[in-house]
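J.: Here you go, sequence then predicted model.
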Amino acid sequence: MSDFDFFDPDFQKNTQTHFQRMQRECPFAHADKPFDWYAVTREADVAELLKDWELWTSFSGPGLANQSGGVLVTVDPPEHLFDRRLINKAFSPAQLLAMEDDITALINELIDRFIEEGEGDLVPLFTMPVPLIVIARLLGLDEDLVTQMRPLADAVIHPDTPPGKIERPEQDTPQTRYLRSMMDSRRAMHANGEKMPDDVLSTLITAELDGRTLTDEEVMGFMGFLFIAGSQTTTQLIGNLIYRLLQQPDQLELLMNDWSLLPNAVEESLRFDAPVNGLFRTNTRDTEVHGVKIPQDTKVICMFGAANIDPEFWGEDAGEFNIMRNPQLTKRHYAFGKGIHYCMGAPLARLEGRVAVKAIFERLPNLRLTGEPKEIAAHVMHGVDSLPVAWDTAEGS
Amino acid sequence: MTKLVIDLEKCLNSGQCAYLQPELFEINDDGEPRVLNSAPSGELIAKANDAIEMCPAQAISLEE
């Protein structure tokens, strides 16, 4: 008997109602498909699991299906530390600040492509391409080829991908051949002492830590991972915030009258509409949670989206979207996880969210919904799969 | 004299400092970080600089 059905479309549609019921009635909720696993939804429990990485390991991967042999999200210390140090430089706030103008220009070019149309679906037009062009620029990859790689990233979170089938991407596809050729030519540049572009690929090729460099497989693993981690998640962040502001015009008005509220609006969106509902941990020994005994190697999902609306932690207005919420409190959300696996792309996601949302509302006057958005069908994700809107054009006014 | 400080306004509660350098930082039950040794010396200075570099919020600094 299951306490909840994560794969039920209604769970996707009314996620917060389900989360709050689970918090009240079954804080250690049991699911039995396709095998026994559990969910924690209270803030205190999510915090506890994320903190104790020795008991709650990531070595079996952050998904329901077991994964191993990857980078960052599938390892704990000491390997994890090596991975983080490597990527940290490219994703530090200082590095990103230097990229802000560049990202703003890329996003404005994207808006130029459809601004005259006056209506459309913002998901394919905007929320989906934004992270792709940014990540392509960061990784040093061709934008068109990155767009072709999108289905590969989406397959990882797609509900039709059965648990157990989420293995590493096919080793020989046009995309992996492209990645490999990029890597080979960059290695050749490095060997010849040529000046290399300032991007993540160069960082990976030249990285030397504790006296070793990365193997080809590791470079490919990092590139693939960063691409997957950075695309769909940020698409949902941008879509969720635009949708919420269109739904609550009072909040939009506050923001448009005072753009200094934007960082907190992004945090409130991450809290209220966390793009990733939750990620899994696996216990390294027999243990007990809320009086339930579970054997070693049991999968437990930490529901970030639920912790983010737990009234015990946030207060009675936890279930309201409010960009005026105390910023010192808002930023404590779990949208990026917490502790040793805290999302390394968080500064980038925040930056993309801020730039994209400001640009879209400033450049598309009288932006309005023209229909009900469709929820995304991937159970791990929370967001919209369509965002039908209209806006005034220079011609029409 | 240098002083190791955390700007709690900037801090994003990622917990990275305490994870990387437990000799210098700890996290209290509210998830708030605290500097354990505000006047690091010797090899601890390198560790402090490491924490400064790894903080996702760039909230840590060594002030003169």
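T.: Cool, got the structure. Numbers count the residues shown, from 1 in each chain, chains lettered A, B, ... in the order given.

J.: Residue of the stretch 1-150 of chain A nearest chain B, please.
T.: A:Pro93 (4.7 Å; C-beta to the nearest C-beta). (Each C-beta comes from the backbone N, C-alpha and C, glycine too.)

J.: State which one residue of the stretch 101-250 of chain A is found closest to chain B.
T.: For the stretch 101-250 of chain A, C-beta to the nearest C-beta, closest residue to chain B: A:Leu209, 12.3 Å.

J.: quick one: low-confidence parts of the stretch 1-150 of chain A?
T.: Where the stretch 1-150 of chain A drops to pLDDT under 70, the residues are A:68-69, A:89-90, A:150.

J.: Work out for me the element residue 5 sits within.
T.: Reading this off chain A. A:Asp5 belongs to no helix or strand when assigned by DSSP states H and E.

J.: oops, chain B please
T.: With DSSP H and E as criterion, B:Val5 is part of strand B:3-6.

J.: And A:Ala94, by the same measure?
T.: Assigned by DSSP H and E, A:Ala94 falls in helix A:93-112.

J.: what does chain A have sitting close to chain B?
T.: A:47, A:51, A:81, A:84-85, A:88-89, A:91-94, A:328, A:331-332, A:336, A:338-340, A:342, A:344, A:346-347 (C-beta under 8 Å from any C-beta of the partner chain).

J.: picking that back up, now look at the strand holding B:Val5 and say if it contacts chain A.
T.: No. Against chain A, strand B:3-6 shows no contacts by C-beta under 8 Å from any C-beta, the least distance being 13.7 Å.

J.: how about the residues of chain B near chain A?
T.: B:8-9, B:12-16, B:19-20, B:31, B:53-54, B:56-58.

J.: Could you pick out the buried ones from those residues?
T.: Buried members of those, counted by 16 or more other C-beta atoms under 10 Å in any protein chain shown: B:Leu12, B:Asn13, B:Ser14, B:Gly15, B:Gln16, B:Tyr19, B:Leu20, B:Met54, B:Pro56, B:Ala57, B:Gln58.

J.: For the fifth one, give me its contacts.
T.: The reference is to B:Gln16. Contacts for B:Gln16 (C-beta atoms under 8 Å, 6 or more residues apart in numbering or on different chains) come out as A:Ile340, A:Tyr342, B:Ala51, B:Met54, B:Cys55, B:Pro56.

J.: try 6 Å
T.: Going by C-beta atoms under 6 Å, 6 or more residues apart in numbering or on different chains, B:Gln16 touches B:Met54, B:Cys55.

J.: Can you find the helix or strand in chain B with the smallest mean pLDDT?
T.: helix B:16-20 (a mean of 82; mean pLDDT, DSSP states H and E).

J.: contacting residues for A:Arg332?
T.: Counting by C-beta under 6 Å, 6+ apart, A:Arg332 has contacts B:Asn13.

J.: Recalculate using a threshold of 8 Å.
T.: A:Arg332 makes contacts with B:Asn13, B:Gly31, as judged by C-beta under 8 Å, 6+ apart.

J.: Just the closest residue of the stretch 201-350 of chain A to chain B, please.
T.: For the stretch 201-350 of chain A, C-beta to the nearest C-beta, closest residue to chain B: A:Tyr342, 3.9 Å.

J.: what sits against that residue?
T.: Contacts of A:Tyr342 by C-beta under 8 Å, 6+ apart are A:Phe336, B:Ser14, B:Gly15, B:Gln16, B:Pro56.

J.: looking at it, the last one is touching B:Ser14, isn't it?
T.: Right, the one you point to is B:Pro56. Yes. At 5.1 Å, B:Pro56 counts as touching B:Ser14 under the criterion of C-beta atoms under 8 Å.

J.: which residues do the two both contact?
T.: A:Tyr342, A:Ala346.

J.: just the helices in the stretch 251-397 of chain A please.
T.: A:262-272, A:304-307, A:311-314, A:327-330, A:346-363 (DSSP state H, counting those that start in this stretch).

J.: Comparing the ones you listed, which comes out most buried?
T.: helix A:304-307 (a mean of 28; mean count of other C-beta atoms under 10 Å in any protein chain shown).

J.: so for the longest helix along chain B, what's the average pLDDT?
T.: When chain B is parsed with DSSP state H, its longest helix is helix B:43-54. The pLDDT scores in helix B:43-54 average 89.

J.: How about stretch A:217-231?
T.: 83.

J.: Next: stretch A:356-374.
T.: On average, stretch A:356-374 scores 97.

J.: Just the terminal-to-terminal distance for that stretch.
T.: For stretch A:356-374, the first-to-last residue distance is 21 Å (C-alpha to C-alpha, to the nearest Å).

J.: Could you do stretch A:83-103 as well?
T.: 25 Å.

J.: Pull out the buried residues from that stretch.
T.: Buried, per 16+ other C-beta under 10 Å, within stretch A:83-103: A:83-88, A:90-93, A:95-96, A:99, A:103.

J.: ok, residues contacting that stretch?
T.: A:71-72, A:75, A:134, A:137-138, A:199-200, A:203-204, A:207, A:209, A:214, A:222, A:226, A:344-345, A:347-348, A:351-352, A:355, B:53-54, B:56-58.

J.: how about 6 Å then?
T.: With C-beta under 6 Å, 6+ apart, stretch A:83-103 has contacts from A:71-72, A:134, A:200, A:203, A:207, A:344, A:347-348, A:351, A:355, B:54, B:58.

J.: same check, this time on stretch B:3-13
T.: Contacts for stretch B:3-13 (C-beta under 6 Å, 6+ apart): A:331-332, B:31, B:33, B:35, B:38, B:40, B:48, B:57, B:59-63.

J.: which among those residues gets closest to A:Ile294?
T.: B:Gly31 (25.5 Å; C-beta to C-beta).

J.: ok, the closest one - contacts?
T.: By C-beta under 6 Å, 6+ apart, the neighbours of B:Gly31 are B:Asn13.

J.: so it sits in a strand?
T.: No. If the criterion is DSSP: H, G, I helix; E, B strand; the rest coil, then B:Gly31 is coil and not within a strand.

J.: mind listing the strands in the stretch 51-200 of chain A by residue range?
T.: A:56-57, A:119-121 (DSSP state E, counting those that start in this stretch).

J.: what are the pairing partners of the shortest one, and which direction each?
T.: The partner list of strand A:56-57 in its sheet, established with DSSP bridges, is strand A:278-283 (antiparallel).

J.: The last one too?
T.: According to DSSP bridges, the neighbouring strands of strand A:119-121, each with its direction, are strand A:388-390 (antiparallel).

J.: Now do stretch A:134-144: distance from first to last residue.
T.: End-to-end for stretch A:134-144, by C-alpha to C-alpha: 12 Å.
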